[in-house]
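1. Provided below are the primary sequence and the corresponding predicted coordinates.
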Amino acid sequence: KKKKCVAQKNFFSGLFPRGVQMLGPLVLLLLVAAGAQAQELDCGTLPACAETVAFLFTDEGKSDLTTYALWLLGATSFGLEGLGNWELCTNTGHTQMCVLRTPADDPLMVRGLCVPAECGEDIYSSLQTAAAGEQGQATMPHLDQFLQHCLVQPWAATCHNSTSCLEKSSVVVKQIVTHFNHSTGVSDYHCGDHKHTGMDASGAGAILLFSIIAFLCLGDLALSYLEAARWGASAGAGVDSELAVDDLAAANIQSDEAQPLVPNTSGSYGALGHGANGSAMAAAAAAATAATKPRRPRRPLWRRVFACFSLHDGYHNLIERSPARSLSALDGLRSLSMFWIIVGHTADFMNQNFSGIDNYQTLSAYLGRFTEQFPFGANLAVDTFFFISGVLTVYVVIRRFQKKHRMDNVLAAVVFRHLRLLPLVSVVVAMYAGLSTYWGSGPLWFRMEEETAYCRQYWWSNLLFINNFYPVDFHQQCMPWTWYLADDFQFYIVCLLVLVVYLRFSKTAGVVLTAVLMLTGIVSTWVIIDHYDLKLSDGDLQNKVYDKPYTRITTFAQGMLFSMLLLDQYKERLRVSQRGAWLIMLGSLGLIFTCVYTPYDFFRAPYHYDHWNSNQNAAYVALSRPGFVLGVAGITLLCFLKMAGPVGAFLCLPIWEVFGKLTFAAYLLHPILLRTFYYNEVHLQHLTDLTHAVYAAAFLTLSYAMAFLFYIGVEVPFDNLVKLVVGKV
């Protein structure tokens with residue numbers, strides 16, 4: 001004889017009268033459908049979640065079910081987005097919040113369901129068990145009628161007879177039914193606050209690393225104070241002066257390792273500024289000055305290690321102005337590009353793949369506005385960095401070749417480049433993988449736990465700069481935004497090999513090889529997009545095209561050609577009239593404007609992103625980046641010739657040098673700040689122009705504030721340490 005399911009009545013007596021519970025529309029579908037069979041359930045075969053829910057359909061629980069259903073229909077929004085009321089749900093002690101996982105390839109919903117505490121991430125399977133009865137299968141005879149009454153009609157009432165809105169509502173309901181019928185439980189829901197407790201090995205390792213850095217920085221402060229008391233002001237000469245005199249070779253190597261995200265610690269772009277010659281002059285000046293003053297005894301090696309971590313030197317390195325440079329406008333270009341990227345990411349992180357917005361139904365219309373093409377076109381700013389990197393790498397190597405009449409060892413150059421990038425990347429990876437999970441909790445915090453778990457598994461691929469290939473799925477990469485560093489490091493190796501041909505054998509052959517590289521990126525992008533029929537809005541564009549070196553090398557090669565032709569072979573013959581300068585400037589700005597705002601035609605038709613055919617999608621993705629960089633190259637050329645007018649004057653403002661030095665750290669840190677803020681939210685964002693502007697300003701400020709700390713406490717100290725080690729080797 002079957003038993004009747006009975007739960008603790010005090011659970012429901014405290015639950016429903018307070019009117020604070022949200023089981024959610026999807027769960028309600030199961031509750032309504034299960035009523036006819038629930039009284040025949042055998043409680044001995046039910047999990048706790050199903051047993052609790054089944055009580056609602058017993059004679060004893062029917063009054064609570066009626067109250068619950070009426071309250072739910074009256075108080076719950078049946079829209080697609082909503083985390084519910086996190087505070088009310090979690091403060092009862094009887095319930096917890098479960099969040100519907102948003103599929104990465106189909107960001108349809110971010111849905112929060114307040115469920116009985118007995119229910120967890122197996123909520124679907126538990127409720128299906130409760131609805132199955134003796135036959136073992138759930139029956140939902142009134143599902144269509146329920147959806148029509150509770151979802152379609154309320155949605156249509158908000159559409160105001162808009163055809164596109166009505167079409168969208170129809171599609172949405174079909175997807176809900178499909179998702180409901182094919183849900184797998186564990187893979188669809190995440191329940192609880194996901195608060196990270198306890199310390200694992202990665203967290204302990206990160207704390208140890210930061211403790212060592214703090215010890216070295218504070219130790220240098222104490223030692224410098226004692227030395228100043230004993231030797232006077234001459235003891236204040238920091239690590240820079242000693243390195244300039246004693247480790248000139250290392251300093252020269254470092255100055256030649258300039259790249260767009262990582263200027264050398266003197267702030268210059270290697271040979272584009274004072275470079276090796278400037279370092280030699282600085283060393284000679286330091287030696288001459290030192291000869292006229294009483295010198296303290298030479299510091300032992302252990303003291304010089306502490307001196308590398310001088311916060312005083314790091315700060316002065318940041319604010320110190322470099323000598324006049326022919327391409328100082330690069331500071332402005334890369335600083336503004338980094339600003340643009342942070343502004344774009346601020347909006348991107350609101351979408352359903354990250355935190356989610358409660359006005360998702362208006363997102364398509366929002367993207368379709370002409371003015372919104374600028375922040376969402378920030379992905380083009382990355383190509384500015386590739387272009388600058390190509391320009392600097394070729395120019396610096398050519399200058400060193402002209403001075404020494406031979407090329408440096410390619411393998412050694414690659415090793416030094418790796419050593420230049422590795423310290424800051426390693427410290428940020430350790431912080432992200434080991435510590436960031438302790439910085440928050442909430443219904444969306446499971447995303448941070450998932451991403452940092454991938455980081456603890458694949459951190460080594462970042463340190464080898466192969467993370468753009470492994471792991472294959474972009475979403476599983478450790479700090480996935482660092483794909484740029486992997487691409488740039490690989491481009492650097494290819495560039496050195498091309499320069500061997502250019503400098504040792506034939507300049508013409510080197511130029512031809514570079515042109516082939518440029519065309520390779522265009523052709524491979526076009527072929528891949530056409531083959532897979534990818535669109536601008538497709539998430540798979542990231543894995544197949546966006547972060548792969550064979551599709552992104554085009555703009556780096558453009559930078560190489562810029563240096564080879566305009567700054568080397570034809571440098572002395574470059575002549576541009578004032579009228580020609582105006583034409584180049586207008587043409588460059590026109591190209592940039594066209595490449596940024598062309599997607600307006602793609603996004604301006606809400607919900608219908610299929611009016612561009614395969615060739616149109618391929619043409620834009622393959623040609624927009626080289627077109628954008630061609631415009632940047634035109635402005636750079638005019639700045640080099642000092643004919644850029646107000647634009648050149650703005651890009652050469654001294655303030656950009658300071659921001660330029662902080663770019664590398666800001667690039668690595670700002671996505672962590674974005675994730676920490678958005679994943680801590682207990683409500684979905686409401687995307688508006690004002691919200692975006694305020695958030696963007698806040699994240700810009702916080703990103704560069706953190707970048708300042710990491711610059712003087714990590715980037716400059718480890719750069720000094722690399723100089724010291726290389727000088728000894």
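-> Looks like it arrived, so ask away. Numbers count the residues shown, from 1 in each chain.
2. measure V576 to V632 for me?
-> Counting by C-beta to C-beta, to the nearest Å, the gap from V576 to V632 is 17 Å. C-beta: built from backbone N, CA, C; applies to glycine.
3. what does C308 give?
-> Relative to V632, C308 is positioned 36 Å away (criterion: C-beta to C-beta).
4. show me the strands in the protein, by range?
-> Counting by DSSP state E, one finds strands in the chain at the ranges 81-82, 95-100, 110-116, 189-191.
5. out of V576 and V632, which sits in the more crowded spot?
-> The neighbour count for V576 versus V632, taken as other C-beta atoms under 10 Å, is higher for V632 (24 against 14).
6. so that one touches V596, yeah?
-> No: taking C-beta atoms under 8 Å as the definition, V632 is not a contact partner of V596, at 11.8 Å.
7. give the contact list for E681.
-> S355, G442, L444 (C-beta atoms under 8 Å, 6 or more residues apart in numbering).
8. any idea which of those is closest to A705?
-> Each of the contacts of E681 was scored against A705 by C-beta to C-beta, and S355 proved nearest at 22.1 Å.
9. what sits against that closest one?
-> Under the criterion of C-beta under 8 Å, 6+ apart, the neighbours of S355 are V110, F349, L444, Y678, Y679, E681, L684, Q685.
10. rewinding a little: and the contacts of E681, which is closest to D538?
-> Comparing every one of those with D538 (C-beta to C-beta), the shortest separation belongs to S355, at 21.3 Å.
11. next, find the distance separating the nearest residue to the closest one once chain neighbours are set aside from F349.
-> Sequence neighbours aside, Y678 is the residue nearest to S355 in space, at 3.7 Å (criterion: C-beta to C-beta, 6 or more residues apart in numbering). Summarising the geometry, the distance separating Y678 from F349, computed by C-beta to C-beta, is 5 Å.
12. what of T197?
-> With the distance defined as C-beta to C-beta, T197 ends up 26 Å from F349.
13. which of those two has more neighbours?
-> Remark: of T197 and F349, F349 carries more neighbours, 20 against 7, as counted by other C-beta under 10 Å.
14. ok, and the closest non-adjacent residue to the more buried one?
-> For F349, the nearest residue in space outside its immediate sequence neighbours is L674; the separation is 4.6 Å by C-beta to C-beta, 6+ apart.
15. touching, the one you found and F699? I think so.
-> Yes: under the contact definition of C-beta under 8 Å, L674 touches F699, with a separation of 6.3 Å.
16. those two - which one has more neighbours?
-> Just comparing L674 and F699: by other C-beta under 10 Å the higher neighbour count belongs to L674, 23 against 20.
17. OK, contacts around that one?
-> With contacts defined as C-beta under 8 Å, 6+ apart, L674 is in contact with H345, T346, F349, F354, F699.
18. need the pLDDT of the second one.
-> Predicted confidence (pLDDT) for T346: 92.
19. find the nearest non-adjacent residue to it, please.
-> Take T346 and drop its neighbours on the chain: the residue closest to it by C-beta to C-beta, 6+ apart is A696, 4.4 Å away.
20. ditto for N462
-> Nearest non-adjacent residue to N462, counting by C-beta to C-beta, 6+ apart: C478, 5.2 Å away.
21. and the pLDDT for that neighbour?
-> 95.
22. compute the number of surrounding residues for it.
-> As a burial measure, the neighbour count of C478 was computed by other C-beta under 10 Å and equals 23.
23. doesn't L463 make contact with it?
-> No: with contact defined as C-beta under 8 Å, C478 does not reach L463; the gap is 9.5 Å.
24. overlap in contacts, those two.
-> Residues touching both C478 and L463 (C-beta under 8 Å, 6+ apart) are V429.
25. flag every buried residue along stretch 587-602.
-> Within stretch 587-602, the residues that qualify as buried by neighbour count (16 or more other C-beta atoms under 10 Å) are S588, L591, I592, C595, V596, T598, P599, Y600, F602.
26. need the worst-confidence member of those.
-> F602 (81).
27. distance of it relative to K544?
-> Plainly put, F602 is 18 Å away from K544 if you go by C-beta to C-beta.
28. tell me the buried residues in the helix ranked longest in the chain?
-> Using DSSP state H, we find that the single longest helix of the chain is helix 201-231. By neighbour count with 16+ other C-beta under 10 Å, helix 201-231 contains the buried residues S202, G203, A206, L209, F210, I213, L216, C217, D220, L223, S224, E227.
29. could you redo those residues as a markdown table and give each row distance to N613 and pLDDT?
-> Putting these into a markdown table (distance: C-beta to C-beta, whole Å; pLDDT from 0 to 100) gives the following:
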| residue | distance to N613 | pLDDT |
| --- | --- | --- |
| S202 | 47 | 91 |
| G203 | 51 | 92 |
| A206 | 49 | 95 |
| L209 | 52 | 96 |
| F210 | 53 | 96 |
| I213 | 54 | 96 |
| L216 | 59 | 96 |
| C217 | 58 | 96 |
| D220 | 62 | 94 |
| L223 | 68 | 93 |
| S224 | 66 | 90 |
| E227 | 71 | 86 |
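30. format these as a markdown table; extra columns: distance to L327.
-> Written out in a markdown table, the entries for the buried residues of helix 201-231 read as follows (distance: C-beta to C-beta, whole Å):
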| residue | distance to L327 |
| --- | --- |
| S202 | 41 |
| G203 | 43 |
| A206 | 38 |
| L209 | 36 |
| F210 | 36 |
| I213 | 33 |
| L216 | 35 |
| C217 | 33 |
| D220 | 34 |
| L223 | 39 |
| S224 | 35 |
| E227 | 39 |
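31. Q569 and Y502 touch, don't they?
-> No: taking C-beta under 8 Å as the contact criterion, Q569 and Y502 are not neighbours in contact, 10.1 Å apart.
32. give me the more crowded residue out of the two.
-> Taking other C-beta under 10 Å, Q569 and Y502 do not tie; Y502 has more neighbours (26 against 14).
33. what's the nearest residue to A581 if we skip its chain neighbours?
-> Closest residue to A581 apart from its sequence neighbours, by C-beta to C-beta, 6+ apart: M643 at 4.2 Å.
34. isn't the one you found right up against S577?
-> No: contact criterion C-beta under 8 Å: M643 and S577 do not qualify, at 9.1 Å.
35. the two: which has the busier surroundings?
-> When M643 and S577 are compared for neighbours, M643 comes out ahead with 17 against 9, by other C-beta under 10 Å.
36. list the contacts of the residue nearest to T346.
-> Taking C-beta under 8 Å, 6+ apart, we find A696 in contact with I342, V343, T346, A347, P375.
37. try 10 Å this time
-> For A696, the set of contacting residues under the criterion of C-beta atoms under 10 Å, 6 or more residues apart in numbering consists of F339, I342, V343, G344, H345, T346, A347, P375.
38. how near is the nearest residue in space to the third one that is not next to it in sequence to L674?
-> The spatial neighbour of V343 that comes closest, neighbours along the chain excluded (C-beta to C-beta, 6+ apart), is A696 at 4.5 Å. With the distance defined as C-beta to C-beta, A696 ends up 10 Å from L674.
39. what's the answer for W481, then?
-> The gap separating W481 from L674 is 10 Å, by C-beta to C-beta.
40. where in the stretch 601-729 of the chain is pLDDT low?
-> The stretch 601-729 of the chain contains residues with pLDDT under 70 at 605-610, 728-729.
41. circling back: quick check: neighbours shared by L674 and F699?
-> When contacts are counted by C-beta under 10 Å, 6+ apart, L674 and F699 have I342, H345, T346, F349 as shared neighbours.
42. quick check: the third one touching A693?
-> Yes: at 9.2 Å, T346 and A693 qualify as touching, with contact defined as C-beta atoms under 10 Å.
43. so for these two, which sits in the more crowded spot?
-> Applying other C-beta under 10 Å to T346 and A693 shows that T346 carries more neighbours, namely 26 against 13.
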